[in-house]
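Trainee: sequence? don't have it. structure:
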């Protein structure tokens with residue numbers, strides 16, 4: 001899976017949680033790097049921090065869902081601020097298959113992954 005988070009510490013924490021759960025994880029810190037990776041590789045999941053500095057995450061989702069970058073049918077898990085109730089309540093409308101609040105709660109993350117791959 002591809003994990004996109006601009007914060008190195010958050011990226012490391014999320015990567016370790018995902019690897020501990022048996023996933024192979026590649027990480028990038030920018031949307032532009034993520035789009036390049038998503039186009040070049042066949043990931044089964046995109047884990048995307050919603051707060052990114054170089055491009056709005058919703059724009060990246062639109063590029064992917066519009067078929068302009070890799071497989072548009074692959075699931076996208078959004079990592080959203082626990083205080084961002086607007087985004088977490090509109091996951092489907094935003095092109096996300098699921099949302100998990102940050103800071104990450106491992107059981108919530110693992111439940112979302114189980115639901116996505118069920």
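Mentor: It's in. The structure presented is a predicted model; accordingly, all values stated were derived computationally and were not measured.
Trainee: pLDDT-wise, which helix or strand of the protein ranks last?
Mentor: Sorting the helices and strands of the chain by mean pLDDT, DSSP states H and E puts helix 85-88 at the bottom, at a mean of 56.
Trainee: and the contacts of stretch 107-114?
Mentor: If you take CB atoms under 8 Å, 6 or more residues apart in numbering as the criterion, stretch 107-114 is touched by 14, 17, 18, 21, 23, 45, 77, 98, 99, 100, 101. All C-beta atoms are positioned from the backbone trio N, CA, C, and that covers glycine.
Trainee: next, work out how far apart the closest residue to the first one other than its chain neighbours and residue 100 are.
Mentor: Leaving out its chain neighbours, the residue that sits closest to residue 14 by CB to CB, 6 or more residues apart in numbering is residue 3, at 5.7 Å. According to CB to CB, to the nearest Å, residue 3 stands 12 Å off from residue 100.
Trainee: these two: who's more crowded?
Mentor: residue 3 (26 against 22; other CB atoms under 10 Å).
Trainee: hang on, that one packs against residue 11?
Mentor: Yes - counting by CB atoms under 8 Å, residue 3 touches residue 11, with 6.4 Å between them.
Trainee: identify the contacts common to the two.
Mentor: By CB under 8 Å, 6+ apart, the residues touching both residue 3 and residue 11 are residue 27.
Trainee: low-confidence stretches in this structure?
Mentor: 82-92 (pLDDT under 70).
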